[in-house]
Structure formats: structure tokens, C-alpha cells
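[1] Sequence unavailable; structure follows:
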């Protein structure tokens, strides 16, 4: 497909065009000058970006933006600030209607850096950095010297802030990665994600999954091995892998159908949920719901991470983000309890009470208010150590199995691990025709 420039959208440091990206028609905007000759964002650059957003929204196709800018131009006064504000306004108007992917290809600093936070997916080249207040201002305010890379480099945003969805080597790899992500997303909210070609049989035995859970109840394992075992051709595109590693998010296809995966990772914080995990999961669930991508939730968590600092930082508010995102989601939602599912974490990890469509469990699943040790300590405080051992064993036999929960209807079916892929493929096929009537209202009040 030939690239077609958008009328009036070109300058010395910015351009926008309709082009082909890995077989998908997109609006591609290049804002700023990557490399050593980085320039500030001018009113014209901001106008081109705003026009690119409008064009993508009008054409109902994804927007991909390559951006690098060392702030806004002081030569144009307030017009430079107003320019990126107008671009931000157009991005918010397009949010949830078309996929928006930004690639930070150099410095993205000051006010325009907030544009990265408005995108659905934000990629960073290895040498890119972004911040609202730079090293000089940080040192002046705090007295602590810091480099641009340490403050807002790709690694910092990949590990600490969660701004970077993925880190790539250069612009070429970044555009290829954007194309790979778009393979799981539709052109707009008006359509479904495209079918993904695969010769992998949906009834293939899930042999890796069948041996993934360690025999010891506190043993850890890499949940990504299970995700790949379930996925077509064992392909898993993970997002924000280094941030909040106790929760894994990303895309797979199952039977050729795009699926967004949310999974507890027992290798980090034993899979418990903290503030970053709640934010990461809530944001991902909301994006999948916006773009008609079904959700698969793999559960193995002992609950919310305890701690006074977490509570003081707003664990209640932020934990509600994950619950809110799931409860609001109208796409097909399938869950699978792999092992532990305790307390409040059981509810927010897309339980049937949050509107989940189908919830499966392996025979190893433990669904309860808490584990046996904690329950006995509360209920039988005066018991001797010998009595506690017997009481814990009795609690495990009575409550730490999936069958009492299944009898209440909270679990749809207990399945053998080796049949996981075929069971999930059938579930998503059944739910493919799911439709919900949306309530008429301006917007909800998400616990940001």
C-alpha cells in the first residue's frame, strides 16, 4: 500500500501519513527529530499530531506515533503549550475508539511527555528517556543529583513507572513491534480483532500445564510456561514484563482468536496483589474491553500484599481499580483457578461475582477465605501444636478443594490440566457471540 500524506500535515520536523504497517492500514505520525539533532515541539508539530489523531479517528484505523522532543519551543510562547494541549485533547477524544501506540525514540520531556501516558501502548527505544521535570529541576528541588537516564530512561520506565509497555532497540524494531501488537487488536471499537492464522490443533494436550504446579503448596513456578502451553504455537506477547512482575499481562491467540491474558506470577511476591499489580491489571483489562478482546484470567494468589506502607499509599483505592475494570468489562471473560484463590483477591481476579462468564478450576485449586494455617490460628487460638496439625489437615480436606465452590455455582467446571487448551478454546468459541446491552450514560467514575 502506498503511503498517503495527510493534507497539511508536514513540516521540517513532523509529518503524518496513511500507510501500511505489517499489513495493517494505520496513520503514522513522526514528531520531532530522533538522534542528536533533537528539537523542541513547535505549535506546527503539535498541530500535525492533532491532525493525525483526527485523521485516524475519522478513518477508524490505528494511530502510531514516533516522537522525540526536548520540550516545547520557547520561541512561540504560550502557543507551544497550547499546541500539545490540543493534541492531548484529541487523543482523549479518540481513546477507546482506535488503538493508539506511541514510540518514544529519543527525549520526550516536559508537558509533551504526558502524551505517552495517554497512549494505549507506549514503546521506548533503548536510548529514549522521558520525564515531566528534568534532572536539573530535580536536583534544585531535592538537592539530589541524577542523570536523565536514571530519572526517566527506558529501563526506569520499564521497571519502576510502568510507562514503557516494551523496550525495543531502535525505531525499526519499534515499528515492527507495533505491527505485532496490532495483530491482536481491531482497527477500531467498531470491529472485532482479526483472526490469527495457526495450524496448532485446539485439542492439543496441555502436557506442560499438567506438570507445571510444584508438589509443595508454597512452591513457585513461571506462569508464562502455562500461558505459552495454552496459546496457539506457544506464542505470547507480554506487555510491561518488568513492572509489577507479580502480575503477567499480554496477548495470545487461542483457536485463532485474540485473547488478553491476566495471570498471577508466583515467582514474584508469591503472586500476591499490590498497588502496581492492581494498576497494571486494571489498565490492561480496560484496554482489552475497549477493543473487543476477550479476557483469560489465570488465578494463583494468596491475596492482597499486606503492609502499612501499602495501606497508607492507597491499597483500597488502587485495589478497586482492578475490581472496577473487571466489573465494567463486557467482553467474553473466562477464568481458570490454577492453585490458590483466597479472600478478596479471589473476588477481584474476575470471579463469577464480578460478572465472569465461565470459571474453570484445576483439581489442585484452593478457593477459600484464607489458607489452613491462618484459619486455624484465628479459629483455634488455644489449640496445642499437635491439635493444630490435625485441624489444618481437616480444614484442607473440607475447604481447600474446588468442589465446594463448584457446588455453589461459583466454578463452572473442574477440568484436568491436560485438557486446558481444548476447554478454553471451546469456552471462547461459545462466548464469541456474547453481546451485552450497554447502559446509556456519559461515563462512569473510575477509581483512578
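    That came through, no problem. Everything numeric here is computed off the predicted structure, so don't read it as measured data.
[2] what are the ranges of the helices in the stretch 1-150 of the chain?
    43-59, 78-94, 114-118, 135-142, 148-152 (DSSP state H, counting those that start in this stretch).
[3] Please spell out which residues along the last one are buried.
    Going by neighbour count (16 or more other Cβ atoms under 10 Å), the buried part of helix 148-152 is 148, 151-152. Using the backbone N, CA and C atoms, a C-beta is placed for each residue, glycine as well.
[4] Equivalent analysis for the first one, please.
    For helix 43-59, burial by neighbour count (16+ other Cβ under 10 Å) applies to 43-57, 59.
[5] Remind me what that helix packs against, helices and strands.
    strand 4-10, strand 14-21, strand 24-32, strand 63-69, helix 78-94 (3 or more Cβ pairs under 8 Å, 6 or more residues apart in numbering; DSSP states H and E).
[6] I would like the residues contacting that helix, please.
    Identification of contacts with helix 43-59 by Cβ atoms under 8 Å, 6 or more residues apart in numbering yields 6, 8-11, 13-16, 18, 25-27, 29, 31-32, 62-63, 65, 67, 69, 73, 76, 79-80, 82-84, 86-87, 89-91, 93-94, 97-98, 100, 115.
[7] which stretches of this structure have low pLDDT?
    For the chain, residues meeting the criterion pLDDT under 70 lie at 1-2, 7-11, 34-38, 72-77, 80, 369-383, 386-400, 439-442.
[8] what residue of it is the furthest out?
    Centroid-distance maximum for the chain: residue 384 at 46.3 Å, with Cα atoms, centre = their mean.
[9] any idea how far it is from residue 258?
    55 Å (Cβ to Cβ, to the nearest Å).
[10] Equivalent analysis for residue 191, please.
    To residue 258, residue 191 is 12 Å away according to Cβ to Cβ.
[11] who has more neighbours, those two?
    Using other Cβ atoms under 10 Å, the more surrounded residue of residue 191 and residue 258 is residue 258, with 23 against 12.
[12] Spatially central residue for the protein, please.
    residue 284 (3.0 Å).
[13] Surely it touches residue 262?
    Yes: counting by Cβ atoms under 8 Å, residue 284 does reach residue 262; the two are 6.4 Å apart.
[14] Domains of this structure: list them as residue ranges, please.
    4-182, 207-365+401-433 (automatic domain parsing).
[15] Tabulate these (a markdown table), appending distance to residue 201.
    Shown next, in a markdown table, are the domains of the chain (distance: least, Cβ to Cβ, whole Å):
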| stretch | distance to residue 201 |
| --- | --- |
| domain 4-182 | 23 |
| domain 207-365+401-433 | 9 |
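[16] Test my guess that residue 175 contacts residue 105.
    No: judged on Cβ under 8 Å, residue 175 makes no contact with residue 105 at a distance of 10.0 Å.
[17] any residues in contact with both of the two?
    Common neighbours of residue 175 and residue 105 (Cβ under 8 Å, 6+ apart) are residue 66.
[18] which of these two has more neighbours?
    residue 105 (26 against 20).
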